[in-house]
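Enquirer: Following is a predicted model, sequence given first.
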Amino acid sequence: MLDTVAQRSDIDTLMNEIGREAKAAARPLGFASTDAKNAALEAMAEAVLANKAAILAANAADLKDVESSDMVASFVDRLTLTEKRIEDIAAGIRAIAALPDPVGAVIADWGRPNGLQIERVRTPLGVIGVIFESRPNVTADAGALCLKAGNAVILRCGSDSRRSSAAIHECLVTGLKKAGLPEHAIQLVPVADRAAVGAMLRGLDGAIDVIVPRGGKSLVGRVQSEARVPVFAHLEGLCHLYVDASADLTMARDIVVNAKMRRTGICGAAETLLIDRNDAGRLLAPLVEALIAAGCEVRGAKDVCASVLGVALASEDDWRTEYLDAIISVALVDGIEGAIAHIGEYSSHHTEAVIAEDPKVVDRFFREVDSAILLHNASTQFADGGEFGMGAEIGIATGKMHARGPVGVEQLTSFKYRVRGNGQIRP
């Protein structure tokens, strides 16, 4: 017990020092020039490409550690780096460099009858803590996004990706040094002990301004329940796809298969397919059979099982499950009203899509479904900051405060007011 207490004390000391260094770095970052930040990002991208072999070797060691574990395929996929994925990481950093600098941007301005001129201006949040699992690319995405928005960041990766994340982090520090920016602007927690997460959730003695969790339900649940600082919550992607009676069948088939099967392990993958009962004779079998032909396991309600061969009976838990695998649940619903009711009961408020040609159906879906991202006649796999033109994202926020949807550079800023006068005094 004494050893455990001493160890936790050592970790708290380490983490508080990391917090102090991040806070010290955040101040000069807040007014760093766009050119300096972009130079750092370009140097980071170059370092990632130059160290491709070292990153792949580190990733191979991480993958070897999980070989004998019972990790699901989607988890291993998120952990795996390839040459193409490393090139994509570098391209993502460069895409962030190409974005407009949000810091100092005037969001709104207006004048008052007394002559005061008021501006609302974007400003960095300060120090951001990012806690993530399995995805080593988040090291680069989060580090680059936070830097562009003028924030220092403390990254805590999962133990499964510690070597890969460390190799990428070295490249980010190289970029900071080359541009003359403080190297502690992007820090990676060097210990795997879960006590480090607890220290971050307590705010590191006031150093952390916001926490962003990126991982499974248990991690996000812990963050939400224990955090003493604001949280940009990314809960889970229990995404729904509704196919209306007015849908074009060919389009619907293509979208349904892509939304589920393009990459099954991402949070934008469709997990539940809802089909309009009013046209089930035309829609149900072709859509389900296309999924099965693509290698997807289909679990359906009783009427779905009775209509299409090869469908397993879904349980109540299936409607609440983010599979992150080649599995989908299917239900027939009574039109748009039934779809909205089902989504309202089971959704995680991440991403939902409607396939329909009837504009009244689309308008009602957009008006009444309360999720961060809504799509019409497009795959749910577009729920991604890069696809939104944000360069990259830290995650998809499913809450409603401050940031919602893809969290990119603009969402990593707050604002302040600048008020200009010419001698006004208040009577």
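Expert: Sure, I can see it.
Enquirer: What segments of the stretch 101-250 of the chain are strands?
Expert: Per DSSP state E, counting those that start in this stretch, the stretch 101-250 of the chain carries strands over the ranges 106-111, 117-124, 127-132, 152-156, 186-188, 210-214, 239-243.
Enquirer: So which elements touch the fifth one?
Expert: Of the remaining helices and strands, those touching strand 186-188 by 3 or more C-beta pairs under 8 Å, 6 or more residues apart in numbering; DSSP states H and E are helix 2-30, helix 137-148, strand 152-156, helix 162-178. For every residue, glycine as well, the C-beta is placed using N, CA and C.
Enquirer: Could you list the residues in contact with that strand?
Expert: 18, 21-22, 139, 143, 146-147, 152-157, 165-166, 169, 172-173, 176 (C-beta atoms under 8 Å, 6 or more residues apart in numbering).
Enquirer: returning to that earlier point: what's the closest of the helices and strands packed on strand 186-188 to S307?
Expert: Closest of the helices and strands packed on strand 186-188 to S307 is helix 137-148, at 41.1 Å (criterion: C-beta to C-beta).
Enquirer: and stretch 127-145, how far from the chain's centre?
Expert: In terms of C-alpha atoms, centre = their mean, to the nearest Å, the centre of stretch 127-145 is found 10 Å from the chain centre.
Enquirer: Any idea how far apart the tips of it sit?
Expert: Stretch 127-145 has an end-to-end distance of 12 Å (criterion: C-alpha to C-alpha, to the nearest Å).
Enquirer: repeat for stretch 326-340
Expert: So stretch 326-340: terminal residues 24 Å apart, C-alpha to C-alpha.
Enquirer: quick one: buried residues of that stretch?
Expert: Neighbour-count burial for stretch 326-340, counted by 16 or more other C-beta atoms under 10 Å, picks out 326-333, 335-336, 338-340.
Enquirer: do the same with stretch 368-377
Expert: 369, 371-375.
Enquirer: so can I have JSON lines of these showing pLDDT, secondary structure and distance to A403?
Expert: Formatted as JSON lines, the buried residues of stretch 368-377 follow (pLDDT from 0 to 100; DSSP: H, G, I helix; E, B strand; the rest coil; distance: C-beta to C-beta, whole Å):
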{"residue": "V369", "pLDDT": "97", "secondary structure": "coil", "distance to A403": "19"}
{"residue": "S371", "pLDDT": "94", "secondary structure": "coil", "distance to A403": "15"}
{"residue": "A372", "pLDDT": "92", "secondary structure": "coil", "distance to A403": "9"}
{"residue": "I373", "pLDDT": "94", "secondary structure": "strand", "distance to A403": "13"}
{"residue": "L374", "pLDDT": "97", "secondary structure": "strand", "distance to A403": "17"}
{"residue": "L375", "pLDDT": "97", "secondary structure": "strand", "distance to A403": "19"}
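Enquirer: shouldn't L116 be in contact with V419?
Expert: Yes. With contacts counted by C-beta atoms under 8 Å, L116 reaches V419, the gap being 5.7 Å.
Enquirer: out of these two, which sits in the more crowded spot?
Expert: Between L116 and V419, counted using other C-beta atoms under 10 Å, L116 has the larger neighbour count: 13 against 10.
Enquirer: what are the phi and psi angles of that one?
Expert: Backbone geometry at L116, expressed as degrees, to the nearest 10, gives phi -70, psi 140.
Enquirer: just for the chain, where's the confidence low?
Expert: By pLDDT under 70, the low-scoring segments of the chain are 1-8, 235.
Enquirer: Residue ranges of each domain in it, please.
Expert: 2-232+407-419, 239-382 (automatic domain parsing).
Enquirer: The last one: end-to-end distance?
Expert: The first and last residues of domain 239-382 sit 12 Å apart, counting by C-alpha to C-alpha.
Enquirer: Report the distance from it to the chain centre.
Expert: Centroid displacement of domain 239-382 relative to its chain, using C-alpha atoms, centre = their mean, is 22 Å.
Enquirer: same check, this time on the first one
Expert: Here domain 2-232+407-419 shows a centroid-to-chain-centroid distance of 12 Å under the convention C-alpha atoms, centre = their mean.
Enquirer: And the domains of the chain: which comes nearest K400?
Expert: Ranking the domains of the chain by proximity to K400 (C-beta to C-beta) places domain 239-382 first, at 8.6 Å.
Enquirer: Redo the domains of the chain as a markdown table? Include distance to A392.
Expert: As requested, these are arranged in a markdown table below (distance: least, C-beta to C-beta, whole Å):
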| stretch | distance to A392 |
| --- | --- |
| domain 2-232+407-419 | 4 |
| domain 239-382 | 14 |
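Enquirer: Relative to T398, which of the ones you listed is closest?
Expert: Nearest of the domains of the chain to T398, taken as C-beta to C-beta: domain 239-382 at 4.9 Å.
Enquirer: what kind of secondary structure is K360 in?
Expert: Assigned by DSSP: H, G, I helix; E, B strand; the rest coil, the conformation of K360 is helix.
Enquirer: Would you mind measuring from it to R367?
Expert: Distance from K360 to R367, counting by C-beta to C-beta, to the nearest Å: 10 Å.
Enquirer: And for E352?
Expert: Separation of E352 from R367 (C-beta to C-beta) stands at 13 Å.
Enquirer: could you dump the strands of the stretch 101-250 of the chain to TSV with mean neighbour count and distance to I425?
Expert: Listed next are the strands of the stretch 101-250 of the chain as TSV, based on neighbours: other C-beta atoms under 10 Å; distance: least, C-beta to C-beta, whole Å:
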stretch	mean neighbour count	distance to I425
strand 106-111	11	18
strand 117-124	17	16
strand 127-132	27	38
strand 152-156	27	39
strand 186-188	24	46
strand 210-214	25	37
strand 239-243	27	56
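Enquirer: so where do the helices sit in the stretch 201-350 of the chain?
Expert: Applying DSSP state H, counting those that start in this stretch to the stretch 201-350 of the chain gives helices spanning 217-226, 249-261, 280-293, 302-307, 335-346.
Enquirer: any idea which of those helices is most buried?
Expert: Most buried of the helices of the stretch 201-350 of the chain, by mean neighbour count (mean count of other C-beta atoms under 10 Å): helix 249-261, with a mean of 20.
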